[in-house]
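Trainee: Quick one: sequence plus predicted model below, questions after.
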Amino acid sequence: MLPPAADLPAEAFGVLLSPGPLAKPARDRLERRRKDPFCPFLMTACPRPYPICSVFEGGKAIAICPHRLLEGQEIFRSLAQWLPGYRPTLLRHLHPAEGSGGLGWVLFDQHHPDRWIGVNAVTPVPADEAALAWATHDLFRHGMLRDEGYPLSFVWPASTADGGRLITRQAEWARTWQRPVYTFMPTPLFERLRALVDLRGVSLSPLALAPVSLEREVSALRLRVPVPPAPKPAPAERGGIWKALLQHWSEWISLQVLGRVVDATSPDQSGD
């Protein structure tokens with residue numbers, strides 16, 4: 001497929017899109033997932049107002065939903081090698097029992113919850129949110145995307161400034177907890193934030209920024225996660241996050257179990 005002439009949605013509900021009328025298989029998949037509405041990356045109902053996962057900018061796909069970065073749980077698997085023990089486990093949306101801060105995900109071993117690794121996912125947002133509503137309307141009302149595209153470009157200075165404030169807070173929390181925290185993000189945002197950090201001459205440690213990309217395969221976009229930098233040795237954390245982990249032990253999710261759920265519901269096996 002040639003790069004689109006204008007900015008276009010790249011995926012909705014995880015289904016790869018293209019300009020013009022959608023092929024019937026793609027329309028059928030979209031309709032089935034809209035009925036739930038099902039996010040194949042979060043493995044539950046899509047919580048976003050518009051189900052567009054990524055957009056094309058200059059012919060390259062950029063994730064605009066943090067849940068898009070959960071494909072195959074690769075961001076967690078890339079970090080699991082640094083956990084003590086052999087039972088990698090996840091807990092979502094955790095806040096310390098006391099104090100401020102919060103993590104999108106916490107990765108740890110069931111037998112060593114005080115040696116957790118924090119995981120966040122951050123994505124930029126297109127400058128014109130109304131364009132997402134417009135594209136969503138065309139997809140589900142008319143079964144097509146306009147060839148001329150939609151105003152879905154990014155205002156990178158604003159996105160970089162917003163991201164800079166966010167990672168500054170996350171770095172402060174990571175230093176308070178004295179545990180490694182990783183923030184995954186699309187490569188274009190990573191490059192701009194990394195340049196901003198270098199320009200300021202500050203250290204984010206123990207927060208680490210990790211770039212990811214979406215690469216086109218025959219009928220889908222696949223998440224590519226380079227191996228993140230190894231965390232520096234850190235003491236066990238017996239403070240607010242560790243206490244919150246123990247309080248929510250009944251909500252722990254085995255990474256192996258989650259992987260089996262993903263495999264069982266993948267397009268190749270579900271016929272979706």
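Mentor: Arrived safely, thanks for sending. Treat the numbers as computed from the prediction; the structure is a model and nothing was measured. Residues are numbered from 1 along each chain as shown.
Trainee: Next, report how far the helix ranked longest in the chain is displaced from the centre of its chain.
Mentor: With secondary structure taken from DSSP state H, the chain has its longest helix at helix 156-177. Its chain's C-alpha centre and that of helix 156-177 lie 16 Å apart, by CA atoms, centre = their mean, to the nearest Å.
Trainee: Quick check: next helix or strand after it?
Mentor: Downstream of helix 156-177, the next assigned helix or strand under DSSP states H and E is strand 181-186.
Trainee: The helix or strand following that next one packs against which elements?
Mentor: Where DSSP H and E defines the elements, the next helix or strand beyond strand 181-186 is helix 187-200. For helix 187-200, the elements it packs on are helix 156-177, strand 207-216, judged by 3 or more CB pairs under 8 Å, 6 or more residues apart in numbering; DSSP states H and E. For every residue, glycine as well, the C-beta is placed using N, CA and C.
Trainee: wait, which of the ones you listed is closest to Arg224?
Mentor: Arg224 lies closest to strand 207-216 among the helices and strands packed on helix 187-200, at 4.9 Å (CB to CB).
Trainee: what about the closest one, average pLDDT?
Mentor: Average pLDDT, strand 207-216: 97.
Trainee: Run through who's touching it.
Mentor: Strand 207-216 is contacted by residues 1, 10, 54, 60-63, 68-69, 75, 78, 167, 170-171, 174, 180-187, 190-191, 193-194, 197, 221-226, 228-229, 231 when judged by CB atoms under 8 Å, 6 or more residues apart in numbering.
Trainee: repeat that with 7 Å
Mentor: Strand 207-216 is contacted from outside by 54, 61, 63, 69, 167, 170-171, 174, 180-187, 190, 193-194, 221-226, 228-229, using CB atoms under 7 Å, 6 or more residues apart in numbering.
Trainee: And for stretch 79-94?
Mentor: 76, 102-112, 115, 117, 119, 182, 228, 230-231, 241, 244-245, 248, 251-255, 258.
Trainee: for the longest helix of the chain, packing partners?
Mentor: Packed against helix 156-177 by the contact rule (3 or more CB pairs under 7 Å, 6 or more residues apart in numbering; DSSP states H and E) you find strand 181-186, helix 187-200, strand 207-216.
Trainee: For Pro19, find the nearest of those.
Mentor: Taking CB to CB, strand 207-216 is the member of those nearest to Pro19, at 14.5 Å.
Trainee: moving C-terminal of the closest one, what's the next helix or strand?
Mentor: Downstream of strand 207-216 (by DSSP H and E), the next one is strand 221-224.
Trainee: Can you say which of the helices and strands packed on helix 187-200 is nearest to Thr44?
Mentor: strand 207-216 (21.1 Å).
Trainee: buried sites along that closest one?
Mentor: 207-214 (16 or more other CB atoms under 10 Å).
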